[in-house]
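Peer 1: Give me coordinates for this.
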Amino acid sequence: MLAVRTEERAVAAPHTPLGGNLPHVRCVMTRRVLPFTMAFIVLAPGVAMAQGEAASASQSPGVPSVVLRIDPRLIIEAAEVWRLIAGRENPVWPGWDASDTPILFYLPGEQDVLINHPRPPAGFVPYDGPVPFPGGRILVRDGPGFLQYDGQNTSRDIEGVRTLVVADALSNLRQQIRGLLEAPRPPGERPPDLSFSQLAIDPYDQLTLIVHEAFHVFQDRAAPTKGANEMLLLHYPVLSVANNVGFAQEGAALAAALRSASDSACRSAAVRWLALRRQRRSLLPPEAVEYENGAEFSEGLAKYTEYRLLETLDGRTPGQAMWLVQGFGGYGNLASRRSRLVDRMLQHMRGEVSVNNDPYGTAPLRMRLYYSGMAIGALLERLHTDWKDRIVAPGVSLTDLADGAIGADAGELRRAPEDVRREGNDDSLVAAKRRLAEEGRARIDTVLGGIEHGAGTGIIVDYGALATPRVALAFTPFGISVVDADRTIYTQIPIRAQFPDGSEVAQTEPMPLLHDRKRKLIRFRLPRALSPQEVASAAGAVAPTGQEVRELRLALPGVVLHAVRATIQWEGRDLHIVLRAPQR
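Peer 2: Numbering: from 1, shown residues only. Prediction:
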């Protein structure tokens, strides 16, 4: 997800540059890969294009006029999910009928495939080949498409219609491997080999990814104003020892509830979870609690549909085409896969999974809420409560519904944390979270020092003199580090800043960007040092230092900048650009 931030609020936008080959691909889990594998993956889309051109050149009767460059298995897998969710009797989520939800499959720069879209944009042509989608028209457009980033598994508006978006497997894999290659490792350490099983695309993960993203389209319709305000992350104590220990304790209680053999054991573990959550949240600012509730609704419930899909498919007869998908073994017993989701929930809530190679920022927190929301949804099912119509109502959280379903009295809620303290098994966990907090603070200071004093030319944009001194930032909520109450660092993707006077700063490659709200400036460092002559050449003229320039346009390595009115000043190795209000 990309978020658009202003000084007052954030608006979610359909853009998710970070991905991995995992269900609902919005993070990169730390594994490692040899460099030659990356080179192979980068070449693969070009190979696919060459094959497509060869096929078109040798057209013969019976051969489709349009060649699929995306993997046809995506269409097969989506059709398999649609067998369950496209109808009034949807067993995954009653009341959700996905039959009119459009689907976009894409391979960046190569091809977009639209299915069941009521108003397809110009350039799409019908697909007449042998891969069908029941009840849906397949349209294809070659060349650069809607999305140029890898791993964009999300939902977005296309021609005003909310559309499910799934990246081709090559795109997801390339994004995952890029993250693996960039994973930190000791100097001189050679990445180990990977097995085929680690590179293989799991068909069950693909099925759950599709249902997850399709559910976001339903959420946008059923509860369009409900969800996480990503700017509340600026108030979240990501490195709090007590909060991170509490999350781990909650995860253990949720896992015990979901794996319990009886209803009474399930309720007992649920009471412990609720008491621990109340205790942990009592130490959080209200904005942090609000953020948790919003993220558990939007991402947690989408994760829950993955769990629920695996329950629903268990024992069913698959569509015949699924047997053509590599690695598919039927639906004989999917309990082990649901158990793996619970294991993953435990790992995330204990902070044992590296997300986007950043254990200190907001990425691990966000993924933690995917899994806690999933587990609370599954817990509500175990408690035999009617909750799915109620959760879409404004102001209702998963915690509220679980609290009502559990029905714990004050004595039970008081005893549960006391029992946890008496067990006293968390000394190593507390020590680990203290180290995390210390290392995280040191890491933030290091990144901050690099922005302010590192190598390369610094770019400082001061917007305090504008008539309306505000800025809207486009960023990923997976890449936020809070320095203090006034300063935030944004990472992971190219950041874009837009100002009320029409000025704009757009990074063309990811560089850590500092936003100082008190001083009204943004700053970052370019990948290399530039001379004043290079900057003047990029601007098309030599601007006198300190004098106002109109319609300044700069295309520099790593950034494109447009300032309606500005003054430019070199301060050591930093280029200081002060935006000016229009003269009346």
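
Peer 1: What segments of the stretch 301-450 of the chain are helices?
Peer 2: 301-313, 335-349, 363-382, 398-406, 410-423, 427-453 (DSSP state H, counting those that start in this stretch).

Peer 1: Could you export those as JSON lines, including distance to Tyr490 and mean neighbour count?
Peer 2: In short, each C-beta sits where N, CA and C put it, glycine included. Formatted as JSON lines, these follow (distance: least, CB to CB, whole Å; neighbours: other CB atoms under 10 Å):
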{"stretch": "helix 301-313", "distance to Tyr490": "24", "mean neighbour count": "24"}
{"stretch": "helix 335-349", "distance to Tyr490": "23", "mean neighbour count": "17"}
{"stretch": "helix 363-382", "distance to Tyr490": "12", "mean neighbour count": "25"}
{"stretch": "helix 398-406", "distance to Tyr490": "29", "mean neighbour count": "19"}
{"stretch": "helix 410-423", "distance to Tyr490": "37", "mean neighbour count": "13"}
{"stretch": "helix 427-453", "distance to Tyr490": "11", "mean neighbour count": "14"}
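
Peer 1: send the alpha carbons of the strand or helix carrying Gln533 over as PDB?
Peer 2: For Gln533, the host element (DSSP states H and E) is helix 532-539. C-alpha atoms of helix 532-539 as PDB (Å, rounded to 0.1, in the frame of the first residue of the first chain):
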ATOM      1  CA  PRO A 532      27.000  23.500  -8.900                       C
ATOM      2  CA  GLN A 533      27.800  23.400 -12.600                       C
ATOM      3  CA  GLU A 534      26.000  20.100 -13.000                       C
ATOM      4  CA  VAL A 535      22.900  21.500 -11.200                       C
ATOM      5  CA  ALA A 536      23.000  24.600 -13.300                       C
ATOM      6  CA  SER A 537      23.200  22.500 -16.500                       C
ATOM      7  CA  ALA A 538      20.200  20.400 -15.400                       C
ATOM      8  CA  ALA A 539      18.200  23.600 -14.700                       C
END
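
Peer 1: Going by neighbour count, list what's buried in it.
Peer 2: Across helix 532-539, burial judged by 16 or more other CB atoms under 10 Å covers 535, 539.

Peer 1: what angle separates whichever helix or strand comes after it from helix 532-539?
Peer 2: Going down the chain from helix 532-539, the next helix or strand is strand 548-556, by DSSP H and E. Calculated by axes from the mean of the first three to the mean of the last three CA atoms, to 10 degrees, strand 548-556 forms an angle of 100 degrees with helix 532-539.

Peer 1: in strand 548-556, what's buried?
Peer 2: 549, 552, 554, 556.

Peer 1: Residue for residue, what is the longest strand the chain has?
Peer 2: For the chain, the longest strand by residue count, based on DSSP state E, is strand 559-571.

Peer 1: So for the helix or strand following that strand, mean pLDDT?
Peer 2: Once strand 559-571 ends, the next helix or strand along the chain (criterion: DSSP H and E) is strand 574-579. Here strand 574-579 scores 96 as its mean pLDDT.

Peer 1: Just want the angle from strand 574-579 to strand 548-556.
Peer 2: For strand 574-579 against strand 548-556, the angle by the same axes, to 10 degrees is 130 degrees.

Peer 1: Give me the sheet partners of strand 574-579 and which way each runs.
Peer 2: As defined by DSSP bridges, the strand partners of strand 574-579 come to strand 458-462 (parallel), strand 559-571 (antiparallel).

Peer 1: Can you tell me which of the ones you listed is most buried?
Peer 2: Scoring those by mean neighbour count under mean count of other CB atoms under 10 Å gives strand 458-462 as the most buried, with a mean of 22.

Peer 1: who does the next helix or strand after that strand touch, helix- and strand-wise?
Peer 2: In the C-terminal direction, the helix or strand that comes right after strand 458-462 (DSSP H and E) is strand 472-475. When contacts are defined as 3 or more CB pairs under 8 Å, 6 or more residues apart in numbering; DSSP states H and E, strand 472-475 sits against strand 2-5, strand 496-498.

Peer 1: Sheet-wise, list the partners of the last one with their directions.
Peer 2: The reference is to strand 496-498. As assigned by DSSP bridges, strand 496-498 forms pairs with strand 472-475 (antiparallel), strand 504-507 (antiparallel).

Peer 1: quick one: average pLDDT of it?
Peer 2: 97.

Peer 1: which stretches of the stretch 101-250 of the chain have low pLDDT?
Peer 2: Low-confidence segments of the stretch 101-250 of the chain, defined by pLDDT under 70: 183-188, 190-193.

Peer 1: And the helices in it, which stretches?
Peer 2: So, for the stretch 101-250 of the chain - with DSSP H, counting those that start in this stretch - the helices run 169-182, 196-199, 203-222, 241-258.

Peer 1: just to revisit the earlier point, please work out which of the strands paired with strand 496-498 is packed deepest.
Peer 2: The most buried one of these (mean count of other CB under 10 Å) is strand 472-475, showing a mean of 22.

Peer 1: ok now that one, how far from the chain's centre?
Peer 2: Remark: strand 472-475 is offset 15 Å from the chain centroid, using CA atoms, centre = their mean, to the nearest Å.

Peer 1: State the mean pLDDT of it.
Peer 2: 95.

Peer 1: same question, stretch 356-371
Peer 2: 93.

Peer 1: do stretch 455-468 as well
Peer 2: The model assigns stretch 455-468 a mean pLDDT of 96.

Peer 1: end to end, how far does that stretch reach?
Peer 2: 33 Å (CA to CA, to the nearest Å).

Peer 1: What is the distance between that stretch and the centre of its chain?
Peer 2: Centre-to-centre, stretch 455-468 and its host chain are 29 Å apart (CA atoms, centre = their mean).

Peer 1: need the contact list for Ala538.
Peer 2: Counting by CB atoms under 8 Å, 6 or more residues apart in numbering, Ala538 touches 554-556.

Peer 1: between the buried residues of strand 548-556, which is closest to Glu250?
Peer 2: When those are compared for distance to Glu250 (CB to CB), Leu556 wins out at 46.8 Å.

Peer 1: Roughly how far does that closest one sit from Val549?
Peer 2: 15 Å (CB to CB, to the nearest Å).

Peer 1: do you know how far Val447 is from Leu170?
Peer 2: 32 Å.

Peer 1: Sorry, slip of the keys, the one I care about is Asp445.
Peer 2: In terms of CB to CB, Asp445 sits 39 Å off from Leu170.

Peer 1: cool, Val271 as well?
Peer 2: Val271 is 47 Å from Leu170, by CB to CB.

Peer 1: what's the answer for Ser260, then?
Peer 2: Distance, Ser260 to Leu170, by CB to CB: 42 Å.

Peer 1: Between these two, tell me which one has more neighbours.
Peer 2: Set side by side, Ser260 and Leu170 show more neighbours around Leu170, with 22 against 16, by other CB atoms under 10 Å.

Peer 1: Run the chain-centre distance for the helix or strand where Leu74 lies.
Peer 2: Using DSSP H and E, Leu74 falls within helix 73-85. The chain centre lies 23 Å from the centre of helix 73-85; the measure is CA atoms, centre = their mean.

Peer 1: For it, give me every contacting residue.
Peer 2: Contacts of helix 73-85 (CB under 8 Å, 6+ apart): 90-93, 96-99, 103, 105, 113, 115, 131-136, 138, 166, 168-169, 201, 203, 206-207, 210-211, 214, 309, 312-313, 318-319, 321-322, 324-326.

Peer 1: Now with 7 Å, please.
Peer 2: The contact list for helix 73-85 (CB atoms under 7 Å, 6 or more residues apart in numbering) reads 90-92, 96, 98, 103, 105, 131, 133-134, 166, 168, 203, 206-207, 210-211, 214, 312, 318-319, 321-322, 324-325.

Peer 1: just to revisit the earlier point, for the strands paired with strand 574-579, which one sits closest to Ala378?
Peer 2: strand 559-571 (45.1 Å).

Peer 1: ok, and what's touching that closest one?
Peer 2: For strand 559-571, using CB under 7 Å, 6+ apart, the contacting residues are 459, 501-508, 526, 532, 543, 545-554, 575-580, 582.

Peer 1: Domain boundaries for this structure, per the record?
Peer 2: Residue ranges for the domains of the chain, per automatic domain parsing: 13-205, 230-437, 454-579.
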